[in-house]
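In: Any chance you could fold what I've pasted below:
(one chain, ligands or ions: 1)
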Amino acid sequence: MKPSQPSAPGVPRLLAESVRLAWRAGRREMAVMVAMQIASTVLVVAAVLIARDLVSSLLAAVPANGAVGELLPDVAALAGVTAALGAASAIQVNRQRVLAELCLRRGEDRVLAVTAAVPLAAFDDPDFHDEVERSLQAVRQLPVVVIALSGLLRALAAAVGAAIGLVAINLLLAPVVLLVVVPAWLAARRRGRVFYRFARELTPADRERHYLLNALSTREAAQEVRAYGLDGFFAARRARLWDERIAALSSIAGRQLRFTVLAELVGAAIVSGALLALVALALSHDISLAGAGVAAATIILLGQRLAVAASSAGGLSESALYVRDYLEFAGRPRELPAEPATISAEAQPLIRARAENVSFAYSGAVEPALREVSLEVAPGEVVALVGENGSGKTTLAKLLAGLYEPGAGRVTWNGVSPTDELRGSFAVVFQDYMRWALPARDNIGVGRHDRLPDDAGVVRAARAAGAHTDTEALPDGYATMLGPAFAGGVDLSVGQWQRIALARAFFRDAPFVILDEPTAALDARAEHDLFVRIRKLLEGRSVLLISHRFSSVREADRIYVMERGEIVESGTHDELVALGGRYGEMFELQAARYR
Ligand code: ADP
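Out: I've put the predicted structure just below:
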């Protein structure tokens, strides 16, 4: 969880990890790239040696008035080698594209495996969102790593080939020129660290900027942005975040420029020194003219390749720092099963859920949302939670369903702590249920996706939720895409969506059903009809019903009244009315409205 310091060592290890990651993502691509690399190195050596032969033949042919034909074999060989080098490079670039995508895919897969396996509470923690954002950013860097790695290898192959060629011409200059790598690499590495730190520090601001980008570009926000005339307001905040980012970037980039230029100058000085030494050797006849000419060209080539290699290496060390974020995140231990065990509906045991002195606070919240709450829902019971907004009803329901862990006290299912086997035994209609961009039948069917082909079951669930007639009347009936996100999508009214969500929970056919304001968008009569049906449909199971409408909880076997995270009253409707406390007061208030 703890973010490690960007200055922590380990870049070589991270690079090794990156190579391993790329290897796992695409073995064939990697193998081809390495083979092409080796071929390139050999070809560069050959090119240098052929060039030397060519130049010395030329130097011999000129005074002897030789014919072009004498030089033809060398020219042809050089052309062949050059063509082969080009082909090797092209194959490499081609494989590199595919490998980059493979890495991206593997990286995304692993990040999503973690986001699927963390407890729900992680999503209430801004640090977690920063981590997710950073690891996704790192994943987007993976192709950059691959490309930089491949560029580095290409440059190194050429440089090593050139160096071997130089040594073959019998010179001690090669090791000197290798020094070019030092300043360039140092500058690039420094640049990498600074930019990485910059990106890391700006993650929260970047997330806010993305949030505003979404607010100004997605359908969910569009209507409210227009109705409240918010575009200018959000745009100004977004502009400020961009300004800050660009200003910080420019200032960093400006400072880094000095080091880069300095490194270039030092590199150029080293190459010039090597060339001067070469001239001296030629003048003192310690080296043939042909050798000197080709060596000069090779030294320049070597210097260039090495500078490219060093800069790629520096870029890589920056990317490697991102890779650390990715590895840290992808390496988090799984805290939830990959998918809760789904037992066939018939085989699911009934569930008695209990909360014993449960207290709970959301991450970062000052006040606890629940304080020492105890309640039980037994098989065959309909238990209701009532209370004002924010009194903790939803939170209690989520704890009973095992979505959150209590801070104190405990939740038990059939007498023991929640087990992975029983996680699939709950069906919840959340207050903020999802409106999946899926065909209507799938929108219901994902209630238990392993039984998706059960069309008759989907229709039964829809009928029970009162969604059948409307769904059948859609342009393509149950096959109609819901929500306007994709072509042919049809949007529903809030009440219709709510019935689809309810049908989804019914299709789940779970022994424990939690309904959090499942009928908030329905009128009183529709709600009453639905409750009569629910009661019959869910007979024998455990039902926890949350509602702010007192008329709908009246029939419950037991009613718990919540206030500021505590249960303040409980009993049947008649008992609570007779008690004349909070419930009696609120019931009277609502009843009076309908009279
Ligand atoms: P109810 O369902 O009775 O309206 P909730 O259980 O949703 O109440 O909320 C109880 C308290 O917990 C409220 O004060 C609410 O602001 C807070 N709360 C709810 N969800 C979260 C969350 N994800 N993160 C932080 N606080 C939350």
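In: gap between the helix or strand residue 132 falls within and the chain center?
Out: Here residue 132 sits within helix 126-168, counting by DSSP states H and E. How far helix 126-168 lies from its chain's middle: 20 Å, per CA atoms, centre = their mean, to the nearest Å.
In: which residues touch the most centrally placed residue in the chain?
Out: Against the mean C-alpha coordinate of the chain, by CA atoms, centre = their mean, the closest residue is residue 136 at 4.0 Å. Residue 136 is in contact with 108, 111, counting by CB atoms under 8 Å, 6 or more residues apart in numbering. Bear in mind the C-beta positions are built from the backbone N, C-alpha and C, glycine included.
In: Please see if the helix holding residue 132 touches the ligand.
Out: No - Helix 126-168 lies out of reach of the ligand by CB under 6 Å from any ligand atom, never closer than 10.7 Å.
In: picking up where we left off before, now the residue nearest to the centre of the chain: how far from the ligand?
Out: Relative to the ligand, residue 136 is positioned 22 Å away (CB to the nearest ligand atom, to the nearest Å).
In: The closest residue in space to residue 543 that isn't next to it in sequence - how many residues pack around it?
Out: Of all residues not flanking residue 543 in the chain, residue 382 sits nearest, at 4.4 Å (CB to CB, 6 or more residues apart in numbering). When counting by other CB atoms under 10 Å, one arrives at 23 neighbours for residue 382.
In: wait, what's in contact with residue 382?
Out: Here residue 382 is in contact with 535, 538, 543, 545, 555-557 (CB under 8 Å, 6+ apart).
In: now, which of these sits nearest the ligand?
Out: Proximity of those to the ligand was ranked by CB to the nearest ligand atom; the top entry is residue 545 with 12.5 Å.
In: now could you export just the CA positions of stretch 196-205 as PDB?
Out: Presented in PDB, the C-alpha positions along stretch 196-205 are these (Å, rounded to 0.1, in the frame of the first residue of the first chain):
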ATOM      1  CA  TYR A 196       8.700  10.400 -13.100                       C
ATOM      2  CA  ARG A 197       8.600  12.300  -9.800                       C
ATOM      3  CA  PHE A 198       6.700  15.000 -11.600                       C
ATOM      4  CA  ALA A 199       4.100  12.500 -12.900                       C
ATOM      5  CA  ARG A 200       3.800  10.900  -9.500                       C
ATOM      6  CA  GLU A 201       3.200  14.100  -7.600                       C
ATOM      7  CA  LEU A 202       0.600  15.200 -10.100                       C
ATOM      8  CA  THR A 203      -1.500  12.100 -10.000                       C
ATOM      9  CA  PRO A 204      -4.200  13.500  -7.800                       C
ATOM     10  CA  ALA A 205      -4.400  16.700  -9.900                       C
END
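In: Can you tell me what sits against it?
Out: Under CB under 8 Å, 6+ apart, the answer for stretch 196-205 is 3, 6, 126, 130, 133-134, 137, 241, 244-245, 248-249, 252, 318, 321-322, 325.
In: Do me a favour and average the pLDDT over it.
Out: Stretch 196-205 shows a mean pLDDT of 87.
In: again, but for stretch 269-283
Out: Mean predicted lDDT for stretch 269-283 stands at 85.
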